[in-house]
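S.K.: build the 3D model from these lines:
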Amino acid sequence: MILAKTRNGHRKPSPERAPGFPARRVAAEAMRRAMREQRQLDEALGLAGADQLPIADRALARAIATVTFRRLGTIRAAIAARLTGERLPEAGILEAALATGVAQILFMEAADHAAVDLAVEIAKADRLALHYAPLANALLRRIAAEKAEILAGAEDPRIDTPGWLYERWAGFYGEDAARAIAARHRMPVSVDLTATGDPRALAEATGGALLPTGSVRLPPDRAIDSLPGYAEGAFFVQDAASALPARLIKVRPGMRVLDLCAAPGGKAAQLALAGARLTAVERSAARAERMRENFARLRIDAEIVIADASTYEAEPFDAVLLDAPCSATGTIRRHPELAWTKKLEDILSLARQQDKILAQAAKLVRVGGTLVYSTCSLEREEGETRIANFLKSQDNYAISPVTPEIIGVEDAAITKEGYLRVLPSHFDAFGGADGFFAARLHRL
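M.R.: Sure thing, here's the model as predicted:
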């Protein structure tokens, strides 16, 4: 065991060996890297050393980081209100250590003294934050003492959404819808499965709930690889909203179908399982390999091509699905860091890329065929605006309206133009869903 010397010369266990310290340190470092480097949390956790932790500590690190981002507005307000007019110094890991500590105090079943002490030790272990350890200690102890007051003042869900995003959603969908989206983003997220066979049988076998859309919903934090049927390829994980775009293509056995930007492969798997002769195009060789491994577990036969979707050429297909690269703001309930790492310029930049890929996808549909464009984004620039611009430039395509009953969604999820527009606040009785946009087009 590593020992540290105290003032009186005695030695005590180093904080690195304290129970829970490694997980909390990884959570703080992952938060810091996600914010500073605009990384997704999964990647940031890996870079912070999560893969070297025991399974239980790895899960704790992820849980702490996720809750921190999910309630970051409340956490920052609590810290700022107790700085007595000062600004929190930008000092190494200080902000992340404080934020993850506050997340545990306010929103997790952690002992307050452990959350305070270990957050302070994380600050002490960083040479840039070391001198602010007394400040961290005082702040965290005050927040623990005033927990009830802080929570009572944080009931409005708007506080946990960056203002610029909230204002956009209120402008797009109205104030009530924006508030409902923000509220849903605060809540724990269920696990959705897509069955490779009978969804009713899968629901019964796993104890899940069968949604009107055909997905099977499980409570949060279920261990997927221990569920019955996992090894046999009876299902794969896919949010209920993410499963909808592929269903807009009414696949008949033997249809030639192209899935552009196919990884991680959930929609491609749906199309193949429905009987399509599938070609899946993915630019990243690493992501294509993971898709190939998933297909092997699911016993799916499909052609996987490593290519850039914006330049890919082939004989026209009966149907093309383009789930375009996007800001992914529709997945904030699952990936809350995105609310704090995305910027408006990211959305505008991606919109130009989406136009280019969509124009190429249009060339790959045979006359009379179907083109489905989708994004897991709440931003109209990546959905409705893209399709409106596309239809202005393409006189050989028309909208094929989506109707609620064909995919089991509520009426509110269909726009007046006939597009699919799922908000996180939809499916409310079942716990919400990811935000998604999809348009089905017909080549004349």
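S.K.: Gly275: how many residues sit nearby?
M.R.: Residues within reach of Gly275, counting by other Cβ atoms under 10 Å, total 13. Backbone N, C-alpha and C define where each C-beta goes, glycine included.
S.K.: kindly provide the distance from it to Arg256.
M.R.: 11 Å (Cβ to Cβ, to the nearest Å).
S.K.: for Ala319, same thing?
M.R.: According to Cβ to Cβ, Ala319 stands 8 Å off from Arg256.
S.K.: same deal with Gly174?
M.R.: Distance of Gly174 to Arg256, given as Cβ to Cβ: 41 Å.
S.K.: give me the more crowded residue out of these two.
M.R.: More neighbours surround Arg256 than the other of Gly174 and Arg256, with 17 against 11 (other Cβ under 10 Å).
S.K.: helix or strand: which one has the nearest residue to Arg32 once chain neighbours are set aside?
M.R.: In space, and not counting its chain neighbours, Arg32 is closest to Ala96: 4.0 Å by Cβ to Cβ, 6 or more residues apart in numbering. When elements are assigned from DSSP states H and E, Ala96 belongs to helix 94-107.
S.K.: from the contact counts, what lies against that helix?
M.R.: Under the contact definition 3 or more Cβ pairs under 8 Å, 6 or more residues apart in numbering; DSSP states H and E, helix 94-107 sits against helix 21-37, helix 55-70, helix 72-80, helix 112-124, helix 133-145, helix 147-152.
S.K.: can you list those in CSV and add distance to Gly369 and mean neighbour count?
M.R.: Below are the helices and strands packed on helix 94-107 laid out as CSV (distance: least, Cβ to Cβ, whole Å; neighbours: other Cβ atoms under 10 Å):
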stretch, distance to Gly369, mean neighbour count
helix 21-37, 41, 24
helix 55-70, 41, 21
helix 72-80, 45, 21
helix 112-124, 56, 22
helix 133-145, 59, 18
helix 147-152, 54, 12
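S.K.: out of the ones you listed, which gets nearest to Lys363?
M.R.: helix 21-37 (36.7 Å; Cβ to Cβ).
S.K.: what angle sits between the closest one and helix 94-107?
M.R.: Helix 21-37 runs at 120 degrees relative to helix 94-107, counting by axes from the mean of the first three to the mean of the last three Cα atoms, to 10 degrees.
S.K.: tell me the first helix or strand C-terminal of the helix or strand hosting Ala362.
M.R.: Using DSSP H and E, Ala362 sits within helix 344-363. Once helix 344-363 ends, the next helix or strand along the chain (criterion: DSSP H and E) is strand 365-375.
S.K.: can you list the strands that that next one pairs with?
M.R.: Strand pairing for strand 365-375, using DSSP bridges, gives strand 317-323 (parallel), strand 436-443 (antiparallel).
S.K.: pull out the buried positions in it.
M.R.: By neighbour count on 16 or more other Cβ atoms under 10 Å, the buried set for strand 365-375 is Val365, Gly369, Thr370, Leu371, Val372, Tyr373, Ser374, Thr375.
S.K.: count of neighbours near the residue nearest to the third one when sequence neighbours are not counted?
M.R.: This points to Thr370. The shortest distance from Thr370 to any non-neighbouring residue, by Cβ to Cβ, 6+ apart, is to Ala319 (4.3 Å). Counted with other Cβ under 10 Å, residues neighbouring Ala319 total 26.
S.K.: I figured Ala319 hits Leu364, correct?
M.R.: No. Ala319 lies out of contact with Leu364 (Cβ atoms under 8 Å); the separation is 9.8 Å.
S.K.: now do the shared contacts for these two.
M.R.: In terms of Cβ atoms under 8 Å, 6 or more residues apart in numbering, Ala319 and Leu364 are both contacted by the residues Leu258.
S.K.: dump the helices and strands packed on helix 94-107 into TSV; add distance to Leu47 and mean pLDDT as well.
M.R.: What follows is the helices and strands packed on helix 94-107, written out as TSV (distance: least, Cβ to Cβ, whole Å; pLDDT from 0 to 100):
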stretch	distance to Leu47	mean pLDDT
helix 21-37	6	97
helix 55-70	12	97
helix 72-80	20	97
helix 112-124	16	97
helix 133-145	23	97
helix 147-152	31	97
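S.K.: among the ones you listed, which is nearest Ala439?
M.R.: Nearest to Ala439, of all those, is helix 55-70, at 30.3 Å by Cβ to Cβ.
S.K.: that closest one - contacts with which helices or strands?
M.R.: Judged by 3+ Cβ pairs under 8 Å, 6+ apart, the packing partners of helix 55-70 are helix 21-37, helix 41-48, helix 94-107.
S.K.: dump the helix holding Ala362 to PDB, restricted to CA.
M.R.: Extracted C-alpha coordinates of helix 344-363, given in PDB (Å, rounded to 0.1, in the frame of the first residue of the first chain):
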ATOM      1  CA  LEU A 344     -24.000  26.600 -33.000                       C
ATOM      2  CA  GLU A 345     -21.200  26.500 -35.500                       C
ATOM      3  CA  ASP A 346     -21.100  22.700 -35.200                       C
ATOM      4  CA  ILE A 347     -24.700  22.500 -36.300                       C
ATOM      5  CA  LEU A 348     -24.200  24.900 -39.300                       C
ATOM      6  CA  SER A 349     -21.100  23.100 -40.400                       C
ATOM      7  CA  LEU A 350     -22.800  19.700 -40.300                       C
ATOM      8  CA  ALA A 351     -25.700  21.000 -42.300                       C
ATOM      9  CA  ARG A 352     -23.400  21.700 -45.300                       C
ATOM     10  CA  GLN A 353     -22.100  18.100 -45.000                       C
ATOM     11  CA  GLN A 354     -25.600  16.700 -44.900                       C
ATOM     12  CA  ASP A 355     -26.600  18.500 -48.100                       C
ATOM     13  CA  LYS A 356     -23.600  17.000 -49.900                       C
ATOM     14  CA  ILE A 357     -24.400  13.400 -48.800                       C
ATOM     15  CA  LEU A 358     -28.100  13.800 -49.400                       C
ATOM     16  CA  ALA A 359     -27.500  14.900 -53.000                       C
ATOM     17  CA  GLN A 360     -25.300  11.900 -53.600                       C
ATOM     18  CA  ALA A 361     -27.900   9.600 -51.900                       C
ATOM     19  CA  ALA A 362     -30.600  10.900 -54.300                       C
ATOM     20  CA  LYS A 363     -28.600   9.600 -57.300                       C
END
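S.K.: which strands or helices does it pack on?
M.R.: Using 3+ Cβ pairs under 8 Å, 6+ apart, the elements in contact with helix 344-363 are strand 256-260, strand 317-323, strand 365-375, helix 384-393.
S.K.: thank you kindly, that will do.
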